[in-house]
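Asker: I need the structure of the sequence given here:
(chains A, B and C)
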Amino acid sequence: MAGLSLDLIALQLFAGLALGAIYVLFAIGLSLIFGMLTVVNFAHGAFYMVGAYVGVYILGLGGNFWICLIAVPLVVGLFGLVVERFLIRPLYGRGIDYPLLLTFGLSYVMVELIRILFGKTGYPFDTPEILQGAVDIGVGYFPLYRLFVIGATAFVLLALWLFLEKTSFGLIIRAGARDPQIVRVLGVDVGRVWLIVFGLGTAIAGFAGLLAAPLQGVIPEMGSTILAEAFVVTVVGGMGSIGGAVLAGLLVGVVVSMTSLFAPEMAKVSIFALMAVVLIVRPQGFFGRAGLMS
Amino acid sequence: MSKNIAKSGSISRRRLLATVSAGAALAASPFRINLLQAEEATIKIGFPVPLTGPYGTEAQDQVRAAQLAIAQFNDAGGLDGRKAELLVRDDKLNPGEAATRTLELVEKEKVNFVVGSLSAAVQLAINNVTKERGIVFNSISQSDAINEAADFSKYTFHEALNPHLTSGAVGRYAFPKFGKKVAFLTADYAYGHEMVRGFLEAGKAFGIENLGDFRHPLGTTDFSTLLPRIQALKPDILCISNFGRDQQIALKQATDFGVKKTTQIIAPLLSHASRVAAGPQAFEGVIGGCSFYWGLEDKFASTKAFNDAFRKMYDGKLPSDYGALGYGGIRTVLAAVKNAGSVDTDKVITALEALKYDFYKGPEYYRKCDHQSVQSVLVIKSKSKDMRNESDVFEIISTDEPNEANLRSCEELGHKS
Amino acid sequence: MNEITRSCPQTQAVPVSWLQFATRHRASLASLAVLVFPLVMPFTALAANILIYGLYALGFNLVYGYLGLLSFGHAALFGTGAYFCGIAIAHFGLPWFAAIPLGILGGLLMAALIGVLAIRTRGIYFAMVTMALAQCVYYLFYQAVDWTGGENGLRGINVHVIDIFGVRLDFINPLTRYYVIAAFVIAAFFVLSRILASPFGAVIEAVRENETRARASGYDVTRTRLITFVLSGGFCGLAGALQALHLSIVPIEILYYDTSGEVVMIALLGGMGTFFGPMVGAAAFLLLENLVSLWTVHWQLVVGAIFMICVLFFPAGIWGTLISRGKP
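Answerer: Okay, here's the model as predicted:
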């Protein structure tokens, strides 16, 4: 415990926020998809991973990071649309487990396809030049890129909020999350709504994967670890709640960051234990709807 | 309703007794299904490696090099005409799967020997299966535990380096050069701890100051919570003891955080595949160890011969560190077979113990008490300029010569003399 | 003979469909299949693995197929059984006939622990809680290096001879080992069949079909769920113990969530809520994995694709689809 100063703790906090930002992006997509479609997307990690690889591909074609920021969510979202339309839609009404199981199998397929196309070992992903280096944030030096990640996440959250609050489509989504039956009765083509929500959720996941790439490099397996951790976030925040996903994502990031400070071996256990406790004490999470189940 | 249940229940009871006794009788009888009655002429060597999974590239290298060794043996006439055969199996880097594959190789294929593995857990699993059945196993990946008395058996051999030797070698090079204040960033599992132990052991002779051992769980993708703390201690040297992806990410993020500006980073093991996957930026300036680098051909004729044969067989490709281990593991076993003049296990064991060889990297031999191969450790540094060819990613800056004193002593490992 | 009997035709023997016959003698038939199994498998160790995973899936099926609760944490039950049995032999030198019951006990205890914490949640949440708790168990066993070997796994589960009332069986012999494992699996078949045919078995299905009605009929739904989960733990624990003996090691991966995912796939592939389904699923899954691995390193693609096809078009699984075809 050498040299634990307030500065260090503050630095750890920032690191936790940056870590949490990725969790937030990932979990928002999961939460959106569950809230609207009642589908637990076990392939969400695979979409995240595909986002990173699409970035690799675009860079390989000669593009730059900024193009990736726009192209990656579009490509991944498009792929998400296809998946929803042809693989998940046939399963609605069959019981809450079937889409879950399908996405579970899909993740295996997606990961293996990426291995075939890009190889097993993975790729290095350099931080874009302009974002390299560290800045003095008062309590110490903090990598510039991580600040960018926090900023990009905030931007996406803002855009999402505007979309949900200020557009009529957003209104439909919010209504649908609250009561799917009524929305259908009111004549809305729910199928189309679900299609777009799934595409949106996966697009954000792909974007998160791209953001994560300079931090950890790119390998086919990168989606599976974050999936388990993101489930924690989604459940703690409340399935179907965006606000909950944000809060829980940041909380989990900070918890992991702080536990590494005091007891690194327990860092991984801590988030699962947190999830178990929340589920027992308040099963719907922070902001989830009570009684939300099959 | 209840009547039916009672009825089927009573039939079941009778059936139960019948089936169980039938089963027991079958099990006790000498009833065997042995489709292969004929005695196998070829010398079969089982080769379980993780063809699927993150180390598939290294595994394929091992297979290629192993096949070269087999081919060389056969071309030289084999054992009085008896040829050798390599039976490659995919263990998926999973110890349970490796155990199943080994069972298949031993029970169904009736292999004479087993060589292989690419992880500590897997080799220990394979070893447990082979030693119970009296089959020689030559392990070709790192592990400290396999030398210890609990896992060891007379059938167990270890061609690869072990963490203690590797980290010690790098420590012996780096500590006198870069300073006394040493911090450790370690993966929190057996391998990581073994590396640190090796560093500390070597460091005693140089009076290093241990600033702290910062442990991270396996599979960590974010070191941002640990690196600032390490930097705050202002170490001269940072030892990063982890492997594969963990290492790639750690080096990458350490670079991002500017650690290299003030601290020399050393790692016990730098592998070719990791260097390629992580890229030159992350590895720049990092010093580490390895068992083999093709660049040794300037020093040893055996390396040159190995490289040339490999290039010939595989279209100009050069062997990697893991590949060389695959070659060495197979070649020593076959050499022992040749020397013993038979595939009889005990004779081969004696021959292996007596073997003094230089097949690909200079002189080596197996220590008697734990069958650990006593060999050199290369200290290397990443290279990104003046590369002779696409494989020229490292330069050898020093060699830790083969010396039994650098290994843990037999007594320490629990072997009774 | 009076009027009543004259008006009744001679009672013919009611033709029993093969399906009804199979259901009534399901345990015996399964046992028969198990006995001839190694003859048709590529190698005996694989046949033993299929039995073990089949038993694991049987336990899982009790909770998912019959009770309707999707658990993503069953690896914890399987793994705890394996470790208890393994530790008993490797660390305490206990004989096999003490170690196996300890494995079963391990499964029961872990199931009780997880069950008590998880049983109040339902649906998706149950899947998430079980997954989270199972991951906790994984990390805890991982850290307990002195007992479990941690990342290196538990080695030294070396049983050479099984001594039953003076009969010495060579456990190293593959076929002998198989039949010893088979004996336990067969016993499990009969126990499971008994449970399902019992009044309790009917309550389990009632709870799955309509929870509210079951509760209205006076059944304690929570208690039923918990007991079923614990029973499931017993079967999975036995499977784990047998795995430990078969491979002579317990890898830490046995507790990882992939192992939980595998049993879900196996159960779905075979057919949930059916008696033979889990065994069929285990055979299909492991054989597929084994065969596909021989052609290509991309076996995960094939297995994943087949799994998706099953979910989309054959949700009843292989066996489920077969018997629904067989229904008159």
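
Asker: Contact residues of the stretch 1-150 of chain C facing chain B?
Answerer: Contact residues (CB under 8 Å from any CB of the partner chain) of the stretch 1-150 of chain C with chain B: C:24-25, C:27-28, C:31-32, C:35, C:38-39, C:42-46, C:49, C:145, C:150. C-beta here means a position set from N, CA and C on the backbone, and glycine is covered the same way.

Asker: Excluding covalently adjacent residues, which one is nearest to C:Trp319?
Answerer: Nearest residue to C:Trp319, sequence neighbours excluded (CB to CB, 6 or more residues apart in numbering or on different chains): C:Gly271, at 3.9 Å.

Asker: In this structure that neighbour contacts C:Cys310, no?
Answerer: No. Here C:Gly271 lies out of contact with C:Cys310, judged by CB atoms under 8 Å, at a distance of 9.6 Å.

Asker: Need the overlap of contacts for the two.
Answerer: C:Gly317, C:Ile318 (CB atoms under 8 Å, 6 or more residues apart in numbering or on different chains).

Asker: Spell out the residue ranges of the strands in the stretch 1-150 of chain A.
Answerer: For the stretch 1-150 of chain A, the strands defined by DSSP state E, counting those that start in this stretch occupy A:134-136, A:141-143.

Asker: So is the last one next to chain B?
Answerer: To tie it back to what came earlier, the one meant is strand A:141-143. Yes. Interface with chain B: strand A:141-143 contributes A:Tyr141, A:Pro143 (CB under 8 Å from any CB).

Asker: Outside of that strand itself, which residues are in contact with it?
Answerer: So strand A:141-143 is contacted by A:Leu11, A:Phe14, A:Ala15, A:Gly133, A:Ala134, A:Val135, A:Asp136, B:Ser224, B:Pro228, B:Asp256, B:Phe257, B:Gly258 (CB under 8 Å, 6+ apart).

Asker: Could I get the contacting residues of whichever residue of the stretch 51-200 of chain A sits closest to chain C?
Answerer: Residue of the stretch 51-200 of chain A nearest chain C, by CB to the nearest CB: A:Tyr108 (3.0 Å). Contacts for A:Tyr108 (CB under 8 Å, 6+ apart) come out as C:Gln300, C:Leu301, C:Val303, C:Gly304, C:Phe307.

Asker: wait, which of the residues you listed is closest to chain B?
Answerer: The closest of the contacts of A:Tyr108, once distances to chain B are taken by CB to the nearest CB, is C:Gln300, at 7.4 Å.

Asker: State the distance from that closest one to A:Glu112.
Answerer: C:Gln300 is 4 Å from A:Glu112, where distance means CB to CB, to the nearest Å.

Asker: Which residue comes closest to C:Gly103 once chain neighbours are left out?
Answerer: That would be C:Ala241: by CB to CB, 6+ apart, it lies 2.6 Å from C:Gly103.

Asker: so the one you found is in which element?
Answerer: Secondary structure from DSSP states H and E places C:Ala241 in helix C:221-247.

Asker: what about the following helix or strand past that helix, distance to the chain center?
Answerer: Next along the chain after helix C:221-247, taking DSSP H and E as the criterion, comes helix C:257-270. Remark: helix C:257-270 is offset 10 Å from the chain centroid, using CA atoms, centre = their mean, to the nearest Å.

Asker: how about whichever helix or strand comes after helix C:257-270: buried residues?
Answerer: Per DSSP H and E, the first helix or strand lying C-terminal to helix C:257-270 is helix C:277-295. For helix C:277-295, a neighbour-count test (16 or more other CB atoms under 10 Å in any protein chain shown) marks C:277-286, C:288-290, C:292-293 as buried.

Asker: With stretch C:236-255 instead?
Answerer: Result for stretch C:236-255 [16+ other CB under 10 Å]: buried residues C:236-255.

Asker: distance between the ends of it?
Answerer: One end of stretch C:236-255 sits 12 Å from the other (CA to CA, to the nearest Å).

Asker: what pLDDT, on average, does that stretch get?
Answerer: In this model, stretch C:236-255 has an average pLDDT of 96.

Asker: Next: stretch C:80-92.
Answerer: For stretch C:80-92, the per-residue pLDDT values average out at 96.
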